[in-house]
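# give me coordinates for this.
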Amino acid sequence: MRATTTCLITHDRNKYSVDARAAGRGVLVRAYADRIIVLPAAAVAWSRPCRAMT
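The predicted structure follows:
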C-alpha cells in the first residue's frame, strides 16, 4: 500500500493519517481488532538468524 502525498492511507474504507516521512511511499499495514500498525515498507519488521541446511 502507498501513503498519499497528504500522509493518508485507506484501510477498510477508513482513512488514517501516517507520519510525514511516509508521504508518497510504500507502507505495510497490520490491522487488528483494537489497533492498526503502519510500518515503512523498507523496514525490517522481524529478523532472526536461521540454521544452515545440511
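# for the rest of this, base every contact and every neighbour count on C-alpha atoms.
Will do.
# now name the helix or strand holding the residue nearest the centre of the chain.
For the chain, the residue nearest the mean C-alpha position is L28 (2.4 Å; CA atoms, centre = their mean). According to DSSP states H and E, L28 maps onto strand 27-31.
# same check on A42?
Using DSSP H and E, A42 maps to neither a helix nor a strand.
# so who does it touch?
Going by CA atoms under 8 Å, 6 or more residues apart in numbering, A42 touches 26-27.
# same question for T5.
T5 makes contact with 23-24, according to CA under 8 Å, 6+ apart.
# got a list of what the residue nearest to G26 when sequence neighbours are not counted touches?
Using CA to CA, 6 or more residues apart in numbering and skipping residues adjacent in sequence, the residue nearest G26 is R2, 4.2 Å away. R2 makes contact with 9, 24-27, according to CA under 8 Å, 6+ apart.
# do C7 as well
Counting by CA under 8 Å, 6+ apart, C7 touches 17-20, 22-24.
# same thing but 6 Å
Going by CA atoms under 6 Å, 6 or more residues apart in numbering, C7 touches 17-18, 20, 23.
# could you check the pLDDT of it?
Looking at C7, its pLDDT is 92.
# burial of the closest residue to it other than its chain neighbours, as a residue count?
Nearest non-adjacent residue to C7, counting by CA to CA, 6+ apart: A23, 4.8 Å away. By other CA atoms under 10 Å, 18 other residues sit near A23.
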